[in-house]
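Novice: structure for the following, please:
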Amino acid sequence: MFADAIGAEFRQFLEREHEGKPARVLRAVRGYRTHPANLWDAVTNRERLPRWFMPIEGELRLGGRYQLEGNAGGSITRCEPPEALDVTWEFMGGMSWVTVRLEPEGEGTRLTLEHIVQASDVDEHWKQYGPGAAGVGWELSLLGLGLHIASGGETVELEAVEGWTTSDEGKAFMRASAEAWARAHIAGGEEPATARGMAERTAAFYTGG
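Specialist: Predicted coordinates:
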């Protein structure tokens with residue numbers, strides 16, 4: 001099931017303004033072997049989201065609010081099927097922003113996800129973990145989405161996922177993801193030693209040491 005596991009195929013770290021304040025942006029890109037309408041349905045349909053991501057409640061429409069079970073909630077600020085979705089990402093008193101873009105690519109669809117965090121809101125956490133803290137988590141989600149699409153829309157079993165993430169293979173995936181985000185961070189201007197230290201702490205967090 002997890003053979004040749006793929007999270008993101010391209011990662012980028014950017015610094016730019018968001019709503020008039022300095023922000024840090026993680027960009028993850030992956031292609032899926034399906035048409036845009038099916039991929040859009042997978043990332044927006046309340047019946048399908050729990051099959052690969054997590055249960056969701058709320059009004060899943062432009063201007064509505066959503067709540068992921070045990071995780072973030074927020075508002076849907078842009079919804080243009082099957083191309084563009086923007087939401088606020090509100091969690092533990094903080095707010096960031098997530099955008100998803102879908103574009104046809106050959107016989108499949110390219111998904112581009114950005115997670116935008118205003119720099120002043122994350123400094124202490126950022127100093128410890130850098131972009132990998134969110135980046136590894138999103139890659140695990142992109143992996144789950146890929147398994148869901150490849151299976152024809154079937155549920156990715158939680159027990160199988162939990163077993164894989166504690167296996168040597170799963171831990172290697174998460175370490176590789178953290179290291180890849182360090183390389184993206186360095187390409188975005190961070191000092192190599194600082195970026196690698198952040199990645200090591202991120203990998204330790206996800207793998208338990």
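Novice: what are the ranges of the helices in this protein?
Specialist: 36-44, 49-52, 123-129, 132-150, 158-165, 168-187, 192-207 (DSSP state H).
Novice: spatially central residue in this structure, please.
Specialist: For the chain, the residue nearest the mean C-alpha position is W138 (2.3 Å; CA atoms, centre = their mean).
Novice: so what pLDDT did it get?
Specialist: In this model, W138 is scored at 97, pLDDT.
Novice: contacts only, for it.
Specialist: By CB atoms under 8 Å, 6 or more residues apart in numbering, the contact list for W138 reads G7, A8, L26, A28, L113, H115. For every residue, glycine as well, the C-beta is placed using N, CA and C.
Novice: quick check, nearest of the residues you listed to G106?
Specialist: G106 lies nearest to A8 out of the contacts of W138, by CB to CB, at 18.1 Å.
Novice: mind listing what the closest one touches?
Specialist: So A8 contacts A28, V29, R30, G135, W138, E139, L142, S177, A180 (CB under 8 Å, 6+ apart).
Novice: list the contacts for the first one?
Specialist: This points to A28. Contacts here follow CB under 8 Å, 6+ apart; on that basis A28 touches G7, A8, F10, R11, T112, L113, G135, W138, E139, L142.
Novice: before we move on, what about T109?
Specialist: Contacts of T109 by CB under 8 Å, 6+ apart are G31, Y32, T34, H35, P36, L39, L102, E103.
Novice: okay, it: pLDDT?
Specialist: We have a pLDDT of 98 for T109.
Novice: who's it bridged to?
Specialist: Y32, P104 (DSSP bridges).
Novice: and A160, how far is that from E169?
Specialist: 12 Å (CB to CB, to the nearest Å).
Novice: most neighbours of all the contacts of A28, which one?
Specialist: Ranked by the number of neighbours (other CB atoms under 10 Å), the contacts of A28 place G135 first, at 28 neighbours.
Novice: if we can go back for a sec, can I get the buried part of the contacts of T109 as one ChimeraX selection?
Specialist: Selection of buried members from the contacts of T109 for ChimeraX, criterion 16 or more other CB atoms under 10 Å:
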select :31,32,34,36,39,102
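Novice: in TSV, list the contacts of T109 along with distance to D86 and pLDDT.
Specialist: Shown next, in TSV, are those (distance: CB to CB, whole Å; pLDDT from 0 to 100):
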residue	distance to D86	pLDDT
G31	21	97
Y32	20	97
T34	22	97
H35	22	97
P36	17	98
L39	17	98
L102	13	98
E103	16	98
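Novice: of the contacts of T109, which is the nearest to S120?
Specialist: Distance to S120 across the contacts of T109 (CB to CB) is lowest for L102, with 31.1 Å.
Novice: which stretches of this structure have low pLDDT?
Specialist: 1-5, 121-122 (pLDDT under 70).
Novice: again, 90 this time
Specialist: 1-7, 92-93, 119-125, 158-159, 161, 209 (pLDDT under 90).
Novice: quick one: T88 from L158, how far?
Specialist: 27 Å.
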